[in-house]
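>>> coordinates only, sequence not included:
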C-alpha cells in the first residue's frame, strides 16, 4: 500500500481518519479547493497524538483528544453572564443562546436547577400577551425562540418555571401560524419552513395543548380542523431528489432542515410508521450517510459542502430517528434492540472530529479549526 | 439607557438631523419629530441571563420601536426608525416585519393599493397577492425604491436571513402570474383551471422586473455561490412567476394532451442558461444542480402533488409514475439531461452533485439504472477491477531515447459513486453472479474507497442479500 504519511503512527488510528481520501478528482474548482483546505487543516489535529511535540496527557487511550470539560463549562457560564455590546447581533436570538447554553451544561453533567429563578426572570419579559415568546422584549413571537424557551423550561423544571408559559395564548398563536398547505410559519408575517413545523409540534406535545385548531385559526377556512392536517404531505414535499429534506418545497436538501422534518414526523407518530409513509427512506439514507467525510470524520450539511461542527447536532440527531425506522417494531415483526445493531454512521469518526478539531483553545466548540 | 420622558425640555436637534454614527449619542429623545412618543425601555431585572450591554443608541432606538409597535403606528418616521435599527442589527426579524407592515400600511393609505386586501397593520395581517392586472405605477415605483435600498443592505449583509424574506414579501405584492399554481402565499387560493392571460403592458413590466432580479441574484451568488437563502428566494420567485422563469410552466391538466418537448431549446432559456454558467464555473456547486433539477423536473413533481385535493405524498409522484400517466414526462429532455450530466461526470467522476442529479433524472424519467452500466464501468480499473488504486506507477519507455522511467497514471478506480451505482446495477442484473459482484462492490466501498461509511455499506449488503427490495 503506498502511504504518503511521513512516519508510522505510534498510536493506531484507523488509516482512513488520518489520510487523504483514496479517490480525488484532478479537475479543480472552488469547491474542491475549499475541501482540500479543510482536510489540510484537520489532518494535523486528527493525528496530533503522533506529533512528537504534543503532550501525551492531552489524549486518551484511543489517541483521541480529551474533552476539555472544565474549560467548556467555564465558557458556557461566562456566556450566561452579561454580554458586551457587540453581541447586539444576537439580540433577537437570546432564548436560542440560553437554550444551547443550558443544554450544554446539562450534557456536561452540571446541575441547572439553581438557574430556575434566573430563567423565570429572563423569559417572562419575552412572552407576548397574544401568545408565544419573542427574541427579546417587545419582539414579535417566533417559533424558534418559543421552542428554545419551552425546552429550557423543561430542562430546568419546577412548577414556578412551568407557570411562566401562557398555554392558552400560545395555542391561539400557533393556530395563527398554521398554513393551508399543512406547514407552519415561524412567526406572523414570517417565512414558512420545516423549522416552523417541528418547533410547533414540540410546543404542542410538550405543553400538552389540544390538537384541534383554535376557532380563530385562518387554516380552518381551508377545511383544516387539526394541527396535524396536511402536515405529513407538506413535509413529504420538502424531500428532494437527493433524499435529504429542504427548508421548503423546491429548495436544496440540508442537514438542519432534515433533522427538523424527521423529528417532526417522529412526533406526528412512531418514526417507523410516519417516516416510512411520507419519505423515501432509501434515498434519505443514501444522502444522510454521504454527509460524513473522511478523514475529517464530521458531517457536512449539504452535498459538496465542507464539514461543520453544528451538523454533529443536526445530522447526528437524524441517526437515532432513522435507526428507529430501520429497527422499528414492524421490521421483521418485532422490536429489535438498537444496541445489538451496528451503527450505520461512524461514531468514531464523529468523536475524533469533535474532540480533535472542534474544541476551542479556551472552551467552547467551533465549526472547524479555522472558524 | 434612555428613560428620559418625552416632555424633556433639553435642546432639540434640528428637524433634518439624521441618526448619528456615535453609539452613545441620544437621537430620538431630542429630535423634534419624536417628542410625542413615550419610549418603552427594556426592563431587565437583575439576574437576567445572557443580558446584552446594549449601546445607548441601540437601547434608545429599541425603546422607541416598542412604543410605536405597541400603538401599531404606520408612518414615515416608523420607516426611518426601522432603517436605523436595521443598520445597527440587521438580524432583527421583528424590525423587518414591522417595516413590511408599515410599508403596506403607507402604500394602502396613499391609495395605490386600495383595491387589495392590504389591510391596516395588525397582528393578523396575512400577505396577499390577489391583485388586478392593472399596472399601478405608484405601487411599482414604491416597490422599486424599496428594492433599491434593499439591494444595498443585501450586499453589506451577505449572510443575513431576513432580507430575503423581505424581498419575497415585496415581490409578492406584484400582480399575479396566471401560470402560477399559487398566485400568492395567502391561506386560501384555490388553483383555478381557467386563468386569464397577462396583458401586454403587464407582461412587459413583469419581464423587466424579472430580468433585474436575475441580474441581482447573479451578482449576489457570485459573491456567495451556495447561499441557501438566496437560492430559496430564487426558487420561490420561479414558482411565483413561472411564465418568465420556468422553461415549461405548469399547465392545467385540462389542456391535455401533453405539451411538446422543450429539449430543442431549453438551454437558451435565461434561467437554465444562468445555471449552465454556474455549473461551468464550479461543477461541484450543489445548489446550482439542485436549482437545475427544480427548474427542469422538480416543479412538475411538486405541482402534480400539490394540485390534488387533498395533496399527494410527494414520493408517490415518481414511485407510481404519475407524471408518465399524465403525459407530463418530457422524454427527449430526460435524455438530453442524462447526456449533459454524463459529460459533467467524466470531467470530475468523484463529484457527488452530478451523480445525485443523474439519479434524480433517472427516477423522474423512470429510466432503469441498468442502462448506465457501461457508463459506470468507465470509472473502474482495468478489466472492471474494483480494487486498483486511482493512480498507479507505470513504467514507460521514451519513444526517442528508449529510456525507461516510472510515471503515475490514472488507471484504477476513479469514482466511488460509480462503484456504488454498479452495486445496484449488478444486484438488479439477475444474471449468475450478479449478487456476488454487487456484494464485492459494496465490500470495496467499505474496505477501500469510502471506509467511514462502512456501516452503511454493510447495511446495503444486508439489503442486497435480503432479496434486493431496491
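That came through, no problem. Keep in mind that this is a model prediction, so the values were computed, not measured. Residues are numbered from 1 along each chain as shown, chains lettered A, B, ... in the order given.
>>> where does the residue nearest the centre of chain A land on pLDDT?
In chain A, the centroid-proximal residue (C-alpha atoms, centre = their mean) is residue A:314; its distance is 2.9 Å. We have a pLDDT of 98 for residue A:314.
>>> cool, and residue B:409?
Confidence score, pLDDT, at residue B:409: 91.
>>> Tell me how many other residues crowd the residue lying closest to it once chain neighbours are set aside.
Nearest non-adjacent residue to residue B:409, counting by C-beta to C-beta, 6 or more residues apart in numbering or on different chains: residue B:394, 4.6 Å away. For the C-beta atoms, the positions are set from N, CA and C on the backbone; glycine is no exception. Residues within reach of residue B:394, counting by other C-beta atoms under 10 Å in any protein chain shown, total 11.
>>> what phi and what psi does the backbone show at residue B:394?
Here the main-chain torsion angles of residue B:394 (degrees, to the nearest 10) amount to phi -120, psi 140.
>>> cool, residue A:83 as well?
The phi and psi values for residue A:83, taken as degrees, to the nearest 10, are phi -110, psi 140.
>>> Which residues of the stretch 151-300 of chain B lie near chain A?
Residues of the stretch 151-300 of chain B lying near chain A by C-beta under 8 Å from any C-beta of the partner chain: B:165, B:168-169, B:185, B:187-188, B:225-226, B:228, B:231-232, B:235-236, B:238-239, B:281-287, B:290-291, B:293-294, B:297-299.
>>> And for the stretch 301-450 of chain B?
B:302, B:305-306, B:310-315, B:319, B:347-353, B:356-357, B:359-360, B:363-364, B:389-390, B:410, B:413-416, B:448-450.
>>> Please indicate which of those residues are buried?
The neighbour count (16 or more other C-beta atoms under 10 Å in any protein chain shown) marks B:302, B:305-306, B:311-315, B:348-353, B:356-357, B:359-360, B:363-364, B:389-390, B:413-416, B:448-450 as buried among those.
>>> circling back: quick check: the gap between the residue nearest to residue B:409 and residue B:350.
Counting by C-beta to C-beta, to the nearest Å, the gap from residue B:394 to residue B:350 is 21 Å.
>>> Show me chain B divided up by domain.
Following automatic domain parsing, chain B resolves into domains at B:1-124, B:246-367, B:370-465.
>>> Pull up the distance across the last one, start to finish.
From its first residue to its last, domain B:370-465 covers 19 Å (C-alpha to C-alpha, to the nearest Å).
>>> And that domain, how far out from the chain middle?
A distance of 35 Å separates the centroid of the chain from that of domain B:370-465, by C-alpha atoms, centre = their mean, to the nearest Å.
>>> Over to the first one?
The chain centroid and the centroid of domain B:1-124 are separated by 32 Å, computed with C-alpha atoms, centre = their mean.
>>> if I pick whichever residue of chain A sits closest to chain B, what's in contact with it?
Residue of chain A nearest chain B, by C-beta to the nearest C-beta: residue A:241 (3.0 Å). Residues counted as contacts of residue A:241 (C-beta atoms under 8 Å, 6 or more residues apart in numbering or on different chains) are A:283, B:293, B:297-298, B:356-357, B:359-360, B:363-364.
>>> Check the residues you listed against residue A:347 and report the nearest one.
For the contacts of residue A:241, the residue nearest residue A:347 by C-beta to C-beta is residue A:283; the value is 23.3 Å.
>>> quick check, that closest one in a strand?
No. Counting by DSSP: H, G, I helix; E, B strand; the rest coil, residue A:283 is not found in a strand; it is helix.
>>> Count residues in the vicinity of it, would you?
For residue A:283, using other C-beta under 10 Å, the count is 22.
>>> Look at whichever residue of the stretch 351-470 of chain B sits closest to chain A and tell me its secondary structure.
Using C-beta to the nearest C-beta, the single residue of the stretch 351-470 of chain B nearest to chain A is residue B:360, 3.0 Å away. Recorded secondary structure, residue B:360: helix (three-state DSSP).
>>> quick one: the helices in the stretch 151-300 of chain A?
Assigned by DSSP state H, counting those that start in this stretch, the helices in the stretch 151-300 of chain A fall at A:159-162, A:167-177, A:194-206, A:231-236, A:255-268, A:271-278, A:281-289.
>>> For residue A:24, which non-adjacent residue is spatially closest?
Closest residue to residue A:24 apart from its sequence neighbours, by C-beta to C-beta, 6+ apart: residue B:350 at 6.6 Å.
>>> whoops, I mixed them up, residue A:233
Closest to residue A:233 by C-beta to C-beta, 6+ apart is residue B:311, at 4.7 Å.
>>> from what I can see that neighbour touches residue A:230, true?
Yes. At 6.8 Å, residue B:311 counts as touching residue A:230 under the criterion of C-beta atoms under 8 Å.
>>> Show me whatever sits in contact with both of the two.
Shared contacts of residue B:311 and residue A:230 (C-beta under 8 Å, 6+ apart): A:181-182.
>>> Okay, residue B:347 and residue B:419: tell me how far apart.
Counting by C-beta to C-beta - residue B:347 and residue B:419 are separated by 19 Å.
>>> Enumerate every residue touching the residue lying closest to residue A:261 once chain neighbours are set aside.
Distances taken as C-beta to C-beta, 6+ apart place residue A:245 nearest to residue A:261, at 4.1 Å, with adjacent residues excluded. Contacts for residue A:245 were tallied using C-beta under 8 Å, 6+ apart; they are A:194, A:235, A:238-239, A:253-254, A:257-258, A:260-262, A:279, A:284.
>>> Include pLDDT when you put those residues into JSON lines, please.
Below are these laid out as JSON lines (pLDDT from 0 to 100):
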{"residue": "A:194", "pLDDT": "98"}
{"residue": "A:235", "pLDDT": "98"}
{"residue": "A:238", "pLDDT": "98"}
{"residue": "A:239", "pLDDT": "98"}
{"residue": "A:253", "pLDDT": "98"}
{"residue": "A:254", "pLDDT": "98"}
{"residue": "A:257", "pLDDT": "98"}
{"residue": "A:258", "pLDDT": "98"}
{"residue": "A:260", "pLDDT": "98"}
{"residue": "A:261", "pLDDT": "98"}
{"residue": "A:262", "pLDDT": "98"}
{"residue": "A:279", "pLDDT": "98"}
{"residue": "A:284", "pLDDT": "98"}
